[in-house]
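Pasting a predicted model and its sequence here:
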Amino acid sequence: MPKISKKRKQALTKVDQTRVYNLADASKVVKDITTTRFDASVDLSIRLGVDPRKANQMVRGVVTLPHGTGKMVRVLVLCTPDKEAEAREAGADFVGLDEFIQKIEQGWVDMDVVITMPSVMGKVGKLGKVLGPRNLMPNPKTGTVTLEIGKAVKEVKAGKRDFKVDKQGSIHASIGKVSFDAKKIEENANELLHTIVKLKPSSAKGTYLRSVYMSSTMSPSVQIDTKTLV
């Protein structure tokens, strides 16, 4: 068995593994047990009672976190020349079309969000094999295929993010940094969870929120009482 560090042992003593916490207490505990020297991300792991293999049970959506993620989001805009100035003024990190399509085809994925417009989806569509597995493929449902390029860039920079259930029926999402105060972590987590609850497929039977855990980078996880979230 791998040796447990002294800091991790101390962190584990601060978590009651037999207890489920409400969101407010979980947010405080995760801050308290984080031992990294860097500003760690705070993440939620949400297991849903859905079968993602069925199209009518796919849970996918968009949420705007009230306090952002605390992370610098690198935005690539693939657009025609007449939209380039709008994209840059809104804060896009990379703007262009053919040259970036070529770079992506060669393996470049140094971005967090890709935004494009309907008229160039014919070109962008062929990037699915590279962008799809990384959840970077633009999609009209998440607002990343749009004519309102500037608005889309600003929203992403302000904390808008998309999420999708994985093959195991879980959603994993970063909802802030440990440098946030506990109230901001709680409010960001609450926004994401309530958005997911609203998206419950009508075909999903039984318990929808199976389990919710909060953790920070390399910290123990804290279980959240799902009954307090509905």
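Done, it's in. A quick note: this is a predicted structure, and the numbers were derived from the prediction, not measured.

Next, the buried residues of stretch 200-219.
201, 204, 208-209, 212-217, 219 (16 or more other Cβ atoms under 10 Å). Heads up, the C-betas are built off the backbone N, CA and C, glycines and all.

Pull up the gap between the residue nearest the centre of the chain and residue 148, please.
Geometric centre of the chain, nearest residue: residue 173, 3.8 Å, by Cα atoms, centre = their mean. Distance of residue 173 to residue 148, given as Cβ to Cβ, to the nearest Å: 24 Å.

Could you list every helix and strand in contact with the longest helix seen in the chain?
Longest helix in the chain by number of residues (criterion: DSSP state H): helix 182-198. Judged by 3 or more Cβ pairs under 8 Å, 6 or more residues apart in numbering; DSSP states H and E, helix 182-198 is in contact with helix 23-33, strand 41-48, strand 60-64, strand 170-177, strand 209-216.

which stretch among those comes nearest residue 183?
For these, proximity to residue 183 was assessed by Cβ to Cβ; helix 23-33 is nearest, at 7.5 Å.

which stretches of this protein form strands?
With DSSP state E applied, the chain shows strands at 41-48, 60-64, 75-78, 94-96, 113-116, 160-164, 170-177, 209-216, 222-224, listed in chain order.

So, low pLDDT: which residues of this protein?
1-16, 230 (pLDDT under 70).

OK, contacts around residue 138?
78, 114-116, 121, 124, 131, 144-145 (Cβ atoms under 8 Å, 6 or more residues apart in numbering).

quick one: residue 221 from residue 29, how far?
Taken as Cβ to Cβ, the span from residue 221 to residue 29 is 10 Å.

which of the two has more neighbours?
residue 29 (21 against 18; other Cβ atoms under 10 Å).
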